[in-house]
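K.L.:
Please find the sequence and the predicted model below.
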Amino acid sequence: MSTSVHRQDLPIVGITLGDVAGIGPEVVVRALARDDVKASCRPLVIGDRRVLEEPRFAAQGLCFQAVEDISQADWSAHPVVVLDVHVVDPRDVTVGQISPIAGRAAVQFVLKATALALEGAIDAVATAPLNKEAMRLAGYDYIGHTEILADVTHTAECTTMLATPGLRVTHVTRHIPFREIAAAITAEAVLDTITVTDEGMRTLGYAHPRLAVAGLNPHNGDGGLIGDEEITVIGPAVRAAVARGIDVRGPIPADSVFFQAIRGDYDVVVTMYHDQGHIAVKTHGFEQSITITLGLPIIRTSADHGTAFDIAGRGIASEASMAAAITEAARMARRRAARP
């Protein structure tokens, strides 16, 4: 089999550049230079060619074909194809500084990638980080990628999985103030998250996923002495999920459930709020952690870090998370294509 034929069999992964004032372009370029990424997919960078043509990327030796339409892409002759969407001139953005221009462009990259995935023109999407403040300055009210994707795909029930080797977590609540968390944790929300997590794990290749559900309060509430959500909300949701045939245990005290999952007792932990899950995963394996949005009609993964304006442009940002996001997106696409 020739190299060109082999490449044409690989899934097309749309890779957004993220906020171009941050480290997104840097980690994307470095990731695309890696052999494991090259071997996993046909990469389609969705961004502006002018950003990738900046002198700071010359040393990476990125060879790409810039196209106006995906129908013009030719991976047999080029390792990387760039879909030039013409929405940001790098001369209008200062690397390392929050910019509404960069914020708008980052959203436009995601919208274009999502449209292509919904059309079936690409097989998966892997996103570089965007910045919430820059998006807000650009006039967008989205908190993050998950909210953009849920809106555009008209998805009512989706959740973000955070994954690193040895530990996966999902969240019942995400980007809300801490003081609002307890009120947002309802039996319905917990059950919905358990269900979406179970279904998502199956799409990732787990035929019989084992789920654990973390408690909310210290010591699981100590029988209601320091909070009763485990008794009145979380426990009933877990029992309802078991009745649906889901292999799930809980609530389990949050100070021990992650150790149990890392030990191998569970495949994924359903957590109650953003930092409960994020701290565990990022402590266990920060550089290799990625996010996967479950419940969407498209495959979407992302680097699990921010725009890091403090180090942008210095050439020291690690591409490990971005590379892992791309290769995981490709793996999920291959698995979906192999389904009967």
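P.N.:
Right, received. Where do you want to start? Numbers count the residues shown, from 1 in each chain.

K.L.:
what bridges to residue 271?
P.N.:
Beta-bridge pairing for residue 271 (DSSP bridges): residue 171.

K.L.:
Just list the residues touching it, thanks.
P.N.:
169-172, 214, 254, 277, 280 (Cβ atoms under 8 Å, 6 or more residues apart in numbering). Any C-beta I mention is one placed from the backbone N, CA and C, and that applies to glycine too.

K.L.:
between the residues you listed, which is closest to residue 118?
P.N.:
Using Cβ to Cβ, residue 170 is the member of the contacts of residue 271 that sits closest to residue 118, with 23.2 Å.

K.L.:
How many neighbouring residues does that closest one have?
P.N.:
When neighbours are counted by other Cβ atoms under 10 Å, residue 170 registers 27.

K.L.:
Any figure for the gap between it and residue 213?
P.N.:
Distance, residue 170 to residue 213, by Cβ to Cβ, to the nearest Å: 10 Å.

K.L.:
Now find how far off-centre stretch 47-56 is within its chain.
P.N.:
Here stretch 47-56 is found 24 Å from its chain centre; the criterion is Cα atoms, centre = their mean, to the nearest Å.

K.L.:
now do stretch 225-235
P.N.:
30 Å.

K.L.:
Give me the distance between the two termini of it.
P.N.:
Terminal residues of stretch 225-235 are spaced 16 Å apart (Cα to Cα, to the nearest Å).

K.L.:
for stretch 125-141, same thing?
P.N.:
End-to-end distance of stretch 125-141 (Cα to Cα): 22 Å.

K.L.:
got it, and stretch 10-24?
P.N.:
Stretch 10-24: ends 24 Å apart by Cα to Cα.

K.L.:
quick one, helices of the protein?
P.N.:
3-8, 24-32, 35-40, 49-52, 100-119, 132-137, 145-152, 181-184, 187-203, 229, 235-243, 254-263, 274-285, 320-338 (DSSP state H).

K.L.:
okay, and the common contacts of residue 170 and residue 213?
P.N.:
In contact with both residue 170 and residue 213: 269-270, using Cβ under 8 Å, 6+ apart.

K.L.:
sorry, back to before: identify, from the contacts of residue 271, the entry nearest to residue 247.
P.N.:
In terms of Cβ to Cβ, no member of the contacts of residue 271 lies closer to residue 247 than residue 170, at 15.0 Å.

K.L.:
Contact partners for the closest one?
P.N.:
For residue 170, the contact set (Cβ under 8 Å, 6+ apart) comprises 159-162, 193, 196-197, 200, 268-271, 277, 294.

K.L.:
What is the nearest of these to residue 40?
P.N.:
Using Cβ to Cβ, the contacts of residue 170 come closest to residue 40 at residue 161, 19.3 Å.

K.L.:
Okay, now the unreliable bits of this structure?
P.N.:
1-6, 58-60, 340 (pLDDT under 70).

K.L.:
can I see the domain layout of it?
P.N.:
As given by automatic domain parsing, the domain ranges for the chain are 1-155+296-340, 157-293.

K.L.:
End to end on stretch 114-134, go ahead and measure it.
P.N.:
End-to-end distance of stretch 114-134: 20 Å, with Cα to Cα as the criterion.

K.L.:
Give me the buried positions along that stretch.
P.N.:
Of the residues in stretch 114-134, 114, 116-117, 121-132, 134 count as buried by neighbour count, 16 or more other Cβ atoms under 10 Å.
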